[in-house]
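Participant: can't give you the sequence, but here's the structure:
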Ligand code: 13P
Ligand code: SF4
């Protein structure tokens, strides 16, 4: 089917099914363009929970679709490709969390939303890359367990020398791959550009950043700042919305070949069409997991 015809069919089916299409900021351009909402994972789930559509089609990875299900348990949540994994979320399991809890029984578990529902269900509170520092600061505890991203935890630790943030050694392979040498090279090539890093990057890269922000934070900064050139330290997909929203500005990537999340690129117009036509692949979660995971998400929402 030709691309234009496929787009027409998707939009027609979306209306018929009373569905909403959500796309994460890293999705391929054609998926971002056809989506009703684009954003970071939690932002999308929260917006979707406020709409009256019966079906949510989540163009992203499984933990994002699960989060949508956690905040909208009555809605049907579909992922166009079955169980699209997140390599960071895959690094931790429930036993790992229980072992940390047993070792530090007084420390609350702060879990990054980039984790599976069963991990959220054994956590005290969730956080996102945009609010991790705020969540850790508001907790009165001197010892905090932060999972699964060690880079986000170590970034948060910088703000609270009086606290001890115990972390699990998980990481996003794509963000962790970015090296300080690559950033320095990009800075030499573009001396007028400022460098914005995602907190999933390693500490030596964070040290070189003018700003540290989540994907939505980067979009806001690019719009707000008077600067005309930016080096962007996150997954390559974000360059599309950045350039689209700021046609007068230039965005450079320090490692365009390495920082490509293959899972994020699995969604295509074809499988999006199939998802709407065949109502697949539905995200199902056990009620107890939804309830417990929701409690951790809700606590975060009360804090921020
Ligand atoms: P945010 O969009 O929340 O910054 O997350 C980045 C990411 O790695 C999503 O998979
Ligand atoms: Fe997971 Fe990293 Fe891909 Fe985000 S970019 S979905 S954290 S592997």
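Facilitator: It's in. Computed from a prediction, not measured in an experiment: that's the story for all the values here. Numbering: from 1, shown residues only. Ligands and ions are numbered 1, 2, ... in the order given.
Participant: show me which residues of stretch 125-144 are buried.
Facilitator: By neighbour count on 16 or more other Cβ atoms under 10 Å, the buried set for stretch 125-144 is 125-136, 139, 144. Backbone N, C-alpha and C define where each C-beta goes, glycine included.
Participant: how many neighbours does the nearest residue to residue 216 once chain neighbours are set aside have?
Facilitator: Nearest residue to residue 216 in three dimensions, chain neighbours excluded: residue 40, at 4.6 Å (Cβ to Cβ, 6 or more residues apart in numbering). Residue 40: 23 surrounding residues under other Cβ atoms under 10 Å.
Participant: was I right about residue 40 contacting residue 218?
Facilitator: No - under the criterion of Cβ atoms under 8 Å, residue 40 lies out of contact with residue 218, with a separation of 9.9 Å.
Participant: joint contacts of these two?
Facilitator: Residues touching both residue 40 and residue 218 by Cβ atoms under 8 Å, 6 or more residues apart in numbering: none at all.
Participant: ok, back up a step: which of the buried residues of stretch 125-144 fall within strands?
Facilitator: 125, 126, 127, 144 (DSSP state E).
Participant: before we move on, the earlier item: now do the residue nearest to residue 216, the pLDDT please.
Facilitator: Residue 40 carries a pLDDT value of 88.
Participant: same question, the one 10 residues further on
Facilitator: With respect to pLDDT, residue 50 scores 88.
Participant: I'd like to know how far it sits from ligand 2.
Facilitator: Residue 50 sits at a distance of 24 Å from ligand 2 (criterion: Cβ to the nearest ligand atom, to the nearest Å).
Participant: for the residue in the stretch 1-150 of the chain that ligand 1 sits nearest to, what are phi and psi?
Facilitator: Across the stretch 1-150 of the chain, the shortest distance to ligand 1 (Cβ to the nearest ligand atom) belongs to residue 40, at 3.2 Å. When read as degrees, to the nearest 10, the backbone of residue 40 gives phi -90, psi 170.
Participant: residue contacts, it?
Facilitator: Residues 24, 25, 128, 129, 130, 214, 215, 216 are the ones in contact with residue 40 under the rule Cβ under 8 Å, 6+ apart.
Participant: which one of those is nearest residue 229?
Facilitator: Of all the contacts of residue 40, residue 229 sits closest to residue 215, with 18.9 Å by Cβ to Cβ.
Participant: how far away is the closest residue to residue 92 other than its chain neighbours from ligand 2?
Facilitator: Leaving aside its sequence neighbours, residue 92 sits nearest to residue 148 (Cβ to Cβ, 6+ apart; 4.0 Å). Relative to ligand 2, residue 148 is positioned 10 Å away (Cβ to the nearest ligand atom).
Participant: run a quick neighbour tally on residue 148.
Facilitator: Neighbouring residues of residue 148 were enumerated by other Cβ under 10 Å; the total is 27.
Participant: next one: residue 1
Facilitator: Neighbouring residues of residue 1 were enumerated by other Cβ under 10 Å; the total is 11.
Participant: so it touches residue 7, yeah?
Facilitator: No - under the criterion of Cβ under 8 Å, residue 1 lies out of contact with residue 7, with a separation of 9.7 Å.
Participant: give me the helix or strand of this structure that scores worst on average pLDDT.
Facilitator: In the chain, no helix or strand scores lower on mean pLDDT, DSSP states H and E than helix 41-49, which sits at a mean of 83.
Participant: got the contact list for it?
Facilitator: Helix 41-49 is touched from outside by 20, 22-24, 37-39, 56, 58, 60, 63-64, 67-68, 70-72, 75, 113-114, 128, 216, 297, 301, with contacts defined as Cβ under 8 Å, 6+ apart.
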